[in-house]
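Trainee: Any chance you could fold what I've pasted below:
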Amino acid sequence: MSAPELETVCVSTPLEYAQAALLLGEQRAWTEALVGQALAEIQPSSRQEYAHLADFYAPPHGAMLLARLEGEPVGVVAVRRLDGARGEGKRLFVRPPARGFGVARRLLVEMFALARALGFKSLYIETTPGKMAEQYEWYRRLGFRETCKLNFADLDSVVAMELPL
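Mentor: As a prediction, the model looks like this:
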């Protein structure tokens, strides 16, 4: 039995944006259930982000990647410029049935390459170690280290991490 076919694309077409928006809606619901609050309350910029994905992640200041397993959209991640030298990795999400097939790893590897191509010298992320301990440890193994938070200032459970590229 062969491994399922995994492809990733840099989101650029209306269909890809629609598929990414669907996945990001699932990601937002998952995040809100995790933190117990509406995302827009704790991260007001998310309103603009979700309403205007193509503008929010438009090159040359950002990009979004979509993963498909056997042709079905199953994962998403995005990167955008924070300042001249630093980017932010955002919204990594893989649908639960697609977990265990290397989707998240592939999305991150390609996001790192995309961040470098956009000229970023480091990548900033936010995560919740108390509720996502495995993901937090995974980020640490990849070389991310804790740093000062830019968002979620009122949530002690969220930590910021940065990776030199």
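Trainee: how about the helices of this structure, start to end?
Mentor: 14-35, 39-42, 45-51, 53-56, 103-117, 133-142 (DSSP state H).
Trainee: What average pLDDT does stretch 103-116 get?
Mentor: For stretch 103-116, mean pLDDT rounds to 95.
Trainee: so what pLDDT did residue 152 get?
Mentor: At residue 152, pLDDT is 67.
Trainee: Ignore what I typed, I meant residue 128.
Mentor: 86.
Trainee: so it touches residue 157, yeah?
Mentor: Yes: with contacts counted by CB atoms under 8 Å, residue 128 reaches residue 157, the gap being 5.1 Å. No exception for glycine: its C-beta is placed from N, CA and C like everyone else's.
Trainee: list the residues that contact both of the two?
Mentor: By CB atoms under 8 Å, 6 or more residues apart in numbering, residue 128 and residue 157 have these common neighbours: residue 35.
Trainee: Of the two, which one has the most company?
Mentor: residue 128 (17 against 13; other CB atoms under 10 Å).
Trainee: Would you reformat the helices of the chain as CSV and include distance to residue 81 and mean neighbour count?
Mentor: Putting the helices of the chain into CSV (distance: least, CB to CB, whole Å; neighbours: other CB atoms under 10 Å) gives the following:
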stretch, distance to residue 81, mean neighbour count
helix 14-35, 19, 16
helix 39-42, 21, 16
helix 45-51, 14, 15
helix 53-56, 11, 16
helix 103-117, 9, 18
helix 133-142, 20, 14
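Trainee: show me the contacts for residue 145.
Mentor: 161, 162, 163.
Trainee: on that earlier part again, what's the least confident stretch among the helices of the chain?
Mentor: The bottom spot among these, by mean pLDDT, belongs to helix 39-42, with a mean of 84.
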